[in-house]
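Undergrad: no FASTA, just this:
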């Protein structure tokens, strides 16, 4: 019985590896396989991969667009308010400036909503941090991780990538 299960697993692994991509550092991702699905049932798999290395925390434009359309993520923009007024923002994102992220994620839900105009993310929520180009959002991700948030991601391209892609669509 155990041998039969092992044999079935051995038949699946080559298909997974064939459909996967290799990321920098030798990590493997199945995003090329998963991104062929454009429905909300498969969104949870968008950010997962098969690897013994820590999972990648970076999110692409396509992944973020899918997460937003399915309402499967809280998007927090860590730029300063004047930057959002000057350049624009990702629809549905909540503005929490980088200097306030640590304190903001420790507020109670009502205070967070009052101060930032959005729903307070829970420690188990899928959170995507964004900024202008992906640098400050990585710092916010590190802060959230240190506070116990588990499912946190960084939109590496930030507003610049979002804006460029939206103009092409």
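TA: Everything's here; your move. Every value quoted in this text rests on a predicted model; they were computed, and no experiment measured them.
Undergrad: beyond the helix or strand bottoming out on mean pLDDT in the chain, next helix or strand please.
TA: Every helix and strand in the chain was compared by mean pLDDT, DSSP states H and E; the lowest is helix 31-34, with a mean of 34. Under the assignment DSSP states H and E, the closest C-terminal helix or strand after helix 31-34 is strand 58-59.
Undergrad: now the helix or strand just after that following strand: average pLDDT?
TA: Counting by DSSP H and E, the next helix or strand C-terminal to strand 58-59 is helix 61-69. Helix 61-69 comes out with an average pLDDT of 93.
Undergrad: same check, this time on stretch 151-169
TA: Across stretch 151-169, pLDDT averages out at 93.
Undergrad: neighbouring contacts of it?
TA: 47, 57-61, 64, 73, 75, 77, 79, 83, 87-90, 124-134, 137-138, 141, 144-145 (CB atoms under 8 Å, 6 or more residues apart in numbering). For the C-beta atoms, the positions are set from N, CA and C on the backbone; glycine is no exception.
Undergrad: show the buried residues in those.
TA: For these, a burial check counting by 16 or more other CB atoms under 10 Å picks out 47, 57-61, 64, 73, 75, 77, 79, 83, 89-90, 126-132, 134, 137-138, 141, 144.
Undergrad: out of the residues you listed, which sit inside helices?
TA: Of the positions in the buried ones among the contacts of stretch 151-169, 61, 64, 83, 137-138, 141, 144 sit in helices, assigned by DSSP state H.
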